[in-house]
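> Sequence and computational prediction follow.
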Amino acid sequence: LEIVRHAPSIDAYEYEDFVLHDYHAQPHIKAPVSV
């Protein structure tokens with residue numbers, strides 16, 4: 001995890017302020033879902 005912009009407060013961070021490096025998603029877990 002890299003923080004590309006250091007915000008003045010914790011509430012000022014946005015999604016674009018973080019970058020994930022070398023992240024490899026795992027397969028999803030199948031489960032029954034009620035709709």
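The structure has been received and is ready for your questions. Numbering: from 1, shown residues only.
> Which parts of this protein are strands?
Using DSSP state E, the strands found in the chain span residues 2-3, 18-19.
> Relative to Y23, how far out is E2?
Distance, E2 to Y23, using C-beta to C-beta, to the nearest Å: 11 Å. The way it works is simple: take the backbone N, C-alpha and C, and place the C-beta from them, glycine included.
> Return the most buried member of the strands of the chain.
Using mean count of other C-beta atoms under 10 Å, the stretch among these with the largest mean neighbour count is strand 18-19, at a mean of 11.
> Direction included, what does it pair against?
Under the criterion DSSP bridges, strand 18-19 sits next to strand 2-3 (antiparallel) in its sheet.
> now the partner strand, how far from the centre of its chain.
Taking C-alpha atoms, centre = their mean, to the nearest Å, one finds the center of strand 2-3 at 11 Å from the center of the full chain.
> So what touches it?
With C-beta atoms under 8 Å, 6 or more residues apart in numbering as the test, strand 2-3 has contacts from D17, F18, V19, L20, H21.
> Apart from its neighbours in sequence, what residue is nearest the fourth one?
In space, not counting the residues next to it along the chain, L20 is nearest to L1; the distance is 6.0 Å by C-beta to C-beta, 6 or more residues apart in numbering.
> What's the per-residue pLDDT of I29 here?
The predicted local distance difference test score for I29 is 91.
> re earlier: just the contacts of strand 2-3 now: which is nearest S34?
When the contacts of strand 2-3 are compared for distance to S34 (C-beta to C-beta), L20 comes out closest, at 31.9 Å.
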